[in-house]
Each structure stands twice: as C-alpha cells, then as structure tokens.
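In: After the sequence you'll find the predicted model.
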Amino acid sequence: MQARRIVVILGVVALVAVGLVAVRLRALEAVAPVGDVAPTAGHLPLDQDQSVLARVGVGPHDLGPGLTAELLDQGDQLSQPTLDLCGLHYASESRRQARRQVAVSGSSGDPILSTEAVLYRNQAGAAEALGEARGAASRCPSGLVSSPDPSVPPLRWQIHAQGGLGGPPPAGIDRLGLSVTTSAPDVPAQQETLVFLRRGRLLLGLYFLVPDGPQAQVDGGDTIASTVSVFEQRVAALPADDVS
C-alpha cells in the first residue's frame, strides 16, 4: 500500500505530519521494503500485467479539473510493499506478480487519493492478501511501531472496520473497508480510509488520504462511496482471463 504509497516533503516543520500521510503513499521517494518483498532485479512485472493494472487503476482521464495523476516512484515494482499495516509480516507479499500504484494530487500538490492495483500469481494469493488485511486489526501492536523509512517516526496504529461505502459490491467482488489512524507523540493523528476490492487474482487498493475532506472527482463522483462504485464497476468489467 504504498500507500502507500504515496514520501512528500513539505518542509522540516511539517516533516513528521507528512510522514504520517506517507504511510499509505510512497509518492516522491521509494520506501525501504519490509517483510516478504521481492527484490527488483529479475522481478519486473510482465507488460501484459501492467496493461491490466493500468486499465483498472486511476488515470488522468478519470479526473476532474485541477487534479493530476502520477505513477509513484517504483510504483510498478515489486520492491515496494503492498501490505504494510502495523509493521506486520504479510506472507502474501511473496505471492505478488505485478503491481501499479498511482497518486492523485489536488491543485495544492497535496495527495488526496492513491490506487494500488496488484496481480498475484493465482487467486489464492489475492484471497490470502485480503484475509491478511482483514486480520490486521486484531494483530496490530498496541504500542509504537518503527517504520522502515528513517524519516518517519515510530507510529501508533489503530484499525477499525469502515462502513458507508455504498451498496453491496457487484457479484464476484470481495470488498473490505478499513479506517486507519496513525499517530506519533506530540503530533496530531492522521486518519485514512482504505478500501480493498478483490476479484480473482486481482487486488485493488483505494487509499483515501483525506477521508473527512473534499474527495477527488473521479469519473464524475466526488465522495468515497461514489469513487468506490466507479472502481467496483471497472474491476467487474475486466475480462475473466485477466484475473483468473
């Protein structure tokens, strides 16, 4: 989830607060991998997989005025983790075959939304990843957790189920919504809404970095629920061969 993405430097004074946002967004700098992350050499994603991931994730053609979409640094590499909640070990990281993470920024340049599309080697790998994300709340340490990025201070994580995502997803799609709060001593908490959609061997993460503020206009929608619906329909429309 790089969030993932998705690290942005706004100045020394704001560095810590930015680090909290950067937990989900690996934007301008790559973050040192943690857990079962494949090395870059010899593990470049296949072109055909990248084509599928580009179709399902957010792109410039989806956005309203004043918004930009940019592939994150190493956003198409397996050297960057997908699941990094609570600093835990996630076995599904080694099951990934290709990933693509794109960040959406507003006119101020601040990140608002990121999508991370991942293809696993098989459907079992994607199902395992979703199950690990669902179980992160019960496994998350209660104290401060060190980050692999030295510019980000140790963080305290709180994870809860997230509702308000609209109606049931289309048939064949599993959906998980999480409300994630990260905090550090003497720093205001940073809240994010994470939504994972799985179909076959595809996992699509939608990372809403400012859940209580205005949302990016994606394909005409400007709420979390409407954005989730846009990507649910997109995932559902993929040919079965792309995700089987």
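Out: Sure, I can see it.
In: CA only for contacts and neighbour counts going forward, please
Out: OK.
In: average pLDDT for the helix or strand hosting Thr227?
Out: Using DSSP states H and E, Thr227 sits within helix 224-237. For helix 224-237, mean pLDDT is 96.
In: Check stretch 58-78 too.
Out: Averaging pLDDT along stretch 58-78 gives 93.
In: And the strands in the protein, which stretches?
Out: For the chain, applying DSSP state E gives strands covering 68-71, 96-105, 111-120, 144-145, 155-161, 174-184, 187-199, 202-208.
In: Pull out the buried residues from the helix holding Thr227.
Out: Residues of helix 224-237 classed as buried: Ile224, Ser226, Thr227, Val228, Ser229, Val230, Phe231, Glu232, Val235, Ala236 (neighbour count, 16 or more other CA atoms under 10 Å).
In: Please apply the same query to stretch 79-89.
Out: By 16+ other CA under 10 Å, the buried positions in stretch 79-89 come out as Ser79, Gln80, Pro81, Thr82, Leu83, Asp84, Leu85, Cys86, Gly87, Leu88.
In: go on, stretch 195-214?
Out: 195-211.
In: Endpoint to endpoint, that stretch covers what distance?
Out: Its first and final residues considered, stretch 195-214 spans 17 Å by CA to CA, to the nearest Å.
In: Now do the same contact list for Gly177.
Out: Counting by CA atoms under 8 Å, 6 or more residues apart in numbering, Gly177 makes contact with Ala161, Gln162, Gly163, Leu165, Thr193, Leu194, Val195, Phe196.
In: Brilliant, that's me finished.
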